[in-house]
Structures are given as C-alpha cells and as structure tokens.
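A.B. asks: Provided below are the primary sequence and the corresponding predicted coordinates.
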Amino acid sequence: MLKLIALTFVVALAWLSPAIAKPTQPAFELITLGDTGGIQDGNLSAFLLRAMSEENYIALDSGTLVNGINVAIENHAFENLTRKADPKLSAAGNILHHHVKGYLLSHGHLDHVAGLLIASPDDSSKPIYALPSVNNTMSGNYFNWQAWANFTNRGVIPHLNKYPVIDLTAQQKVSLQDTQLKVTPFSLSHPLESTAFVIEKNQDMFVYFGDTGPDEVEKEGKLAAIWQYLAKQMQTKTLRGVVIEVSFDNQRPDNLLFGHLTPKYLHQELSKFYELVSDKSQFNDMQIIISHIKYSLKSDLNPKIKIKQQLEATNPLGFNFVIAKQGQRLVL
C-alpha cells in the first residue's frame with residue numbers, strides 16, 4: 001500500500017510540473033552560408049534553417065547566397081537533404097530554386113542582403129519577410145531600377161513580381177509559406193532598425209538575431225523584451241539554439257560599437273536571460289552560435305580566435321559557444 005501511495009504521489013508531481021522533457025532528437029538543421037560581418041565579400045551573414053521533418057529551408061539574411069551554398073555543398077552540408085530531382089539545374093541551383101522557400105531579412109545593410117540582390121535574376125519566386133522599415137529600405141535603396149531591377153511586387157514600377165514582399169508586425173507570429181515553421185519578429189537596436197526572429201516548429205524554438213547593440217549602450221531595452229518573451233515560452237517549449245552576433249572584441253570602446261556586441265556585452269545579456277529562466281538545465285544542450293565577427297585586414301591575432309578566447313575566459317554559467325563557420329552544418 002505504501003508503494004502504491006508513493007507511486008501515485010510521484011505521478012501527481014510529474015503531472016503538475018512545468019518542466020520540459022529533455023529533447024532526444026534534433027529539431028532543426030542550420031547551414032552557415034556566411035559567417036562574417038563587414039568587408040569579406042563571399043562570406044557575409046547568411047544561414048539556412050529547416051525543421052528536420054521537412055526538406056524546405058528559410059534563409060536567415062542573405063549577405064552571401066550562391067557562393068555560400070556552393071561552399072556548403074563542398075563541405076557536404078546538404079548530404080542529409082533529400083533533394084528534388086531537376087536535371088536542368090546545378091546542385092546550387094537545385095537548392096536555391098527548390099529548397100529555399102523564402103527570406104527573413106533582419107535589416108537592410110548590404111552585408112545582410114547582397115547575396116539576395118545578386119542572385120535575384122536567376123532565383124525562383126519566393127517571399128521576402130521583414131519588418132516594414134526593412135522592406136522600405138529594400139524597395140527605396142535597392143529594388144528601385146537604379147541600384148537594381150525591381151524584382152518585387154511593390155515600389156518603383158515596373159514590378160517584376162518575383163518576390164512577394166510581406167510586412168511582419170513586431171511580436172506577432174505568422175506562418176512561413178511552404179514550410180512547417182512559424183516566426184515571431186522582435187525589433188532590435190542598430191543604426192537602422194534590425195530584427196530578431198523567434199522561429200518555431202511545434203514545441204521547439206530557434207532564435208536568429210540580426211545586428212544588435214547591448215541594452216546598456218542602446219538604452220532601448222529591446223533585448224530585455226526578447227529575453228522575457230523567451231523565458232516565458234521556455235516554460236512549455238524547448239529553445240534549441242541561438243545565432244547571435246559578436247562583431248568586436250572587448251577592446252572596442254562603446255562609442256565605436258555602432259549597434260554591435262562584444263564578448264563582454266554578450267555575457268552580460270545572456271546572464272540576464274539566464275536569470276529569467278526557471279529551469280536552468282535547459283541551457284545545458286543549447287548551442288549559442290556566434291556570427292558576424294568582423295573580418296580584419298590587420299596582421300595581428302585573428303579576430304575569431306580572439307573573440308573565442310574572450311568568450312571562454314569568463315564563462316561561469318557554462319554557455320555552449322560555437323563560432324559559425326561558412327559551409328558548416330549544425331543540428332539543434
């Protein structure tokens with residue numbers, strides 16, 4: 001009888017507990033098409049993300065697109081993808097035409113959109129999703145028949161209508177066409193408005209941050225709003241991973257950050273996030289992928305090595321940092 005009572009008590013506790021079962025299988029695949037910020041053309045901010053249960057990707061920014069796909073192919077990053085047969089297309093063309101189903105653009109700086117612009121004449125039709133200010137930047141400065149032909153369905157006529165432009169509303173969730181994914185955008189602090197995208201598939205989440213400065217410097221509290229949202233969602237969902245920028249090392253002065261993070265400020269922001277999450281064990285398997293490290297022409301220490309050292313030198317909470325590398329495949 002005592003054993004029966006004890007078992008009933010344990011079952012009741014399990015039913016009442018908000019804890020999430022530890023994930024046993026990956027939910028997402030992330031392909032790095034471009035990992036740097038700034039001046040290294042051919043390797044600028046861009047990622048592909050898909051749910052493991054489907055063969056369709058959404059592009060997270062597009063600083064480098066076709067070159068990034070080719071590097072990923074060379075690194076066998078798409079070997080787990082069941083590709084649609086199309087003998088008329090190259091391997092890169094097949095992925096871009098048949099498996100990339102849309103673009104989430106964080107902001108309009110060239111190192112985040114140049115690949116899309118360059119590829120647009122030979123791309124397939126698919127939507128561009130962004131906050132209204134970002135879509136206005138794309139229409140006004142690029143797809144304007146001066147910088148580039150207008151491949152969208154808005155702005156300067158004639159419209160070539162290849163890319164339907166979809167305005168997102170901050171903190172409102174929408175489904176991404178032809179994928180199993182949903183996205184909730186959040187505004188970020190940068191010299192022009194940037195965006196973080198919280199992407200979901202059922203009870204699994206992933207977050208991609210465009211360029212952002214720390215709240216301490218920017219004084220707008222935008223990262224705090226995201227941490228609060230994620231902490232609440234993590235009461236019932238699993239956050240599998242984060243892509244976030246660290247553009248400069250800790251020696252960069254605040255007045256020269258221009259809306260970017262350093263290792264010091266990333267730790268500061270992640271510590272705030274950590275304190276909000278009730279079940280700290282959720283951070284044990286969470287990968288934090290570091291992107292947008294500014295490429296340098298100087299002959300001193302490689303900025304990626306320096307930033308990695310600074311991230312790990314003071315990491316008392318044990319965050320799992322991964323330095324993004326072009327052509328890399330990660331499962332999350």
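C.D. replies: Perfect, I can see it now.
A.B. asks: gap between Lys182 and Ser133?
C.D. replies: 22 Å (Cβ to Cβ, to the nearest Å). Every C-beta, even on glycine, is put in place using the N, C-alpha and C of the backbone.
A.B. asks: Same check on Val113?
C.D. replies: 14 Å.
A.B. asks: of those two, who's got more company?
C.D. replies: Per other Cβ atoms under 10 Å, whichever of Val113 and Ser133 has more neighbours is Val113, with 28 against 15.
A.B. asks: Just confirm that one contacts Ser62, I think it does.
C.D. replies: Yes - with contact defined as Cβ atoms under 8 Å, Val113 counts as touching Ser62 (5.8 Å).
A.B. asks: can you list residues touching both of these two?
C.D. replies: Leu105 (Cβ atoms under 8 Å, 6 or more residues apart in numbering).
A.B. asks: neighbours around Asn302, how many?
C.D. replies: 12.
A.B. asks: Excluding chain neighbours, what is closest to it?
C.D. replies: The shortest distance from Asn302 to any non-neighbouring residue, by Cβ to Cβ, 6 or more residues apart in numbering, is to Ser296 (7.8 Å).
A.B. asks: Kindly report the same for Leu261.
C.D. replies: Val246 (5.1 Å).
A.B. asks: Return the residues in contact with that neighbour.
C.D. replies: Contacts of Val246 (Cβ under 8 Å, 6+ apart): 260-263, 266, 290-293, 307, 311.
A.B. asks: now, which of those residues sits nearest Lys84?
C.D. replies: Set against Lys84, the nearest of the contacts of Val246 by Cβ to Cβ is Ser291 (28.5 Å).
A.B. asks: Verify the stated contact: the closest one with Val242.
C.D. replies: No - between Ser291 and Val242 there is no contact under Cβ under 8 Å: 10.1 Å.
A.B. asks: ok, those two, which is more surrounded?
C.D. replies: Ser291 (26 against 22).
A.B. asks: how about the residue nearest to the more buried one when sequence neighbours are not counted, what does it touch?
C.D. replies: In space, and not counting its chain neighbours, Ser291 is closest to Ala324: 4.6 Å by Cβ to Cβ, 6+ apart. Ala324 makes contact with 32, 35, 47, 243, 289-291, according to Cβ under 8 Å, 6+ apart.
A.B. asks: could I get the residues you listed as JSON lines with pLDDT?
C.D. replies: Below are those laid out as JSON lines (pLDDT from 0 to 100):
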{"residue": "Thr32", "pLDDT": "98"}
{"residue": "Asp35", "pLDDT": "98"}
{"residue": "Phe47", "pLDDT": "99"}
{"residue": "Val243", "pLDDT": "98"}
{"residue": "Ile289", "pLDDT": "98"}
{"residue": "Ile290", "pLDDT": "98"}
{"residue": "Ser291", "pLDDT": "98"}
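A.B. asks: Between which two of those is the distance greatest?
C.D. replies: For the contacts of Ala324, and using Cβ to Cβ, no pair is farther apart than Phe47 and Ile290, which are 12.4 Å apart.
A.B. asks: out of the two, which sits in the more crowded spot?
C.D. replies: Set side by side, Phe47 and Ile290 show more neighbours around Phe47, with 26 against 23, by other Cβ under 10 Å.
A.B. asks: Doesn't Ala114 lie inside a helix?
C.D. replies: Yes - remark: Ala114 belongs to a helix, assigned using DSSP: H, G, I helix; E, B strand; the rest coil.
A.B. asks: Now do the helices in the chain.
C.D. replies: 2-16, 66-74, 91-94, 110-119, 132-141, 215-218, 222-233, 263-276, 303-313 (DSSP state H).
A.B. asks: Next up, the contacts around the residue nearest to Thr314 when sequence neighbours are not counted.
C.D. replies: Using Cβ to Cβ, 6+ apart and skipping residues adjacent in sequence, the residue nearest Thr314 is His267, 6.6 Å away. The contact partners of His267, taken as Cβ under 8 Å, 6+ apart, are 311, 314-315, 319.
A.B. asks: Now the buried members of those residues.
C.D. replies: 311, 319 (16 or more other Cβ atoms under 10 Å).
A.B. asks: State the pair within the contacts of His267 that is farthest apart.
C.D. replies: Farthest pair in the contacts of His267, by Cβ to Cβ: Thr314 and Phe319, 10.8 Å.
A.B. asks: Just the buried residues of stretch 267-287, please?
C.D. replies: Buried residues in stretch 267-287 (16+ other Cβ under 10 Å): 267, 269-270, 273-274, 277, 282-283, 286-287.
A.B. asks: Please apply the same query to stretch 322-332.
C.D. replies: 322-324, 326-330, 332.
A.B. asks: Those residues: which two are farthest apart?
C.D. replies: The widest separation within the buried residues of stretch 322-332 (Cβ to Cβ) is 17.9 Å, between Gln326 and Leu332.
A.B. asks: can you give me the offset of stretch 110-130 from its chain's centre?
C.D. replies: 16 Å (Cα atoms, centre = their mean, to the nearest Å).
A.B. asks: Could you work out the end-to-end span of it for me?
C.D. replies: 15 Å (Cα to Cα, to the nearest Å).
A.B. asks: Then stretch 283-298?
C.D. replies: End to end - Cα to Cα - stretch 283-298 spans 36 Å.
A.B. asks: quick one: Thr137 and Gly108 touch, right?
C.D. replies: Yes - Thr137 sits in contact with Gly108 when judged by Cβ under 8 Å, with a separation of 3.3 Å.
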